[in-house]
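Predicted model follows, preceded by the sequence.
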Amino acid sequence: MEITEVRVHLRNEDKLKAFATVTFDHCFVVRNMKIISSNKGLILCMPSRKLPDGSYKDIAHPINMDFRKVLEDKVIACYQNEVRKAGKPGEGKPQ
C-alpha cells in the first residue's frame, strides 16, 4: 500500500496542531486524522467516534506497527513542511 497524498490543515489550538487527510493508492482516503502535541512530541491520532459510555473507538487504523510508523512519519513530515510554509518557526518540533 502506498501513501499517495497527504493534506494537512493547520489548527491554532494548544494541543491540536492539525487535521490530516491521507490518500492511499490514489483510491482510498482517510480523513480526520489528528496531529496532537504531547509531552513526548507530536503524535498522530486516528479518526475515532465517541461511544455511548464516553470512550472513543478508532474508525480506521493501521494493524501493524511497521505501517503505523511509516504513516506517522510521513504525516508528521508533511505537517512540519506546512508549518514552515505558514511561517511559524518552532512549531511542530518535538519538545
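Perfect, I can see it now. Numbering: from 1, shown residues only.

Which parts of this protein are strands?
Along the chain, counting by DSSP state E, strands occupy 3-10, 16-24, 28-38, 41-45, 48-50, 56-58.

Deepest-packed of those strands, please.
For those, the largest average neighbour count (mean count of other CB atoms under 10 Å) is found in strand 16-24, namely a mean of 19. Using the backbone N, CA and C atoms, a C-beta is placed for each residue, glycine as well.

Residue ranges in the protein under the pLDDT threshold?
Along the chain, the parts satisfying pLDDT under 70 run over 88-95.

dump the residue contacts of residue 2.
Residue 2 makes contact with 24-25 under the criterion CB atoms under 8 Å, 6 or more residues apart in numbering.

my guess is residue 19 meets residue 11, correct?
Yes. Using CB atoms under 8 Å, residue 19 is in contact with residue 11, at 6.8 Å.

re the thing from before, determine which of the strands of the chain approaches residue 76 most closely.
Smallest distance to residue 76 across those (CB to CB): 5.4 Å, for strand 41-45.

Can you get me the centre-to-centre distance for the closest one and its chain?
Mean C-alpha position of strand 41-45 versus that of the full chain (CA atoms, centre = their mean, to the nearest Å) differs by 7 Å.

going forward can the numbers begin at 642, since that is how I track them
Sure, I'll start numbering at 642, so the last one becomes strand 682-686.

could you dump that strand to CSV, C-alpha only?
The C-alpha trace of strand 682-686 is given here as CSV (Å, rounded to 0.1, in the frame of the first residue of the first chain):
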residue,chain,number,x,y,z
GLY,A,682,6.3,15.4,21.0
LEU,A,683,3.9,15.1,18.1
ILE,A,684,1.6,12.1,17.7
LEU,A,685,-0.8,11.0,15.0
CYS,A,686,-4.3,10.0,16.3
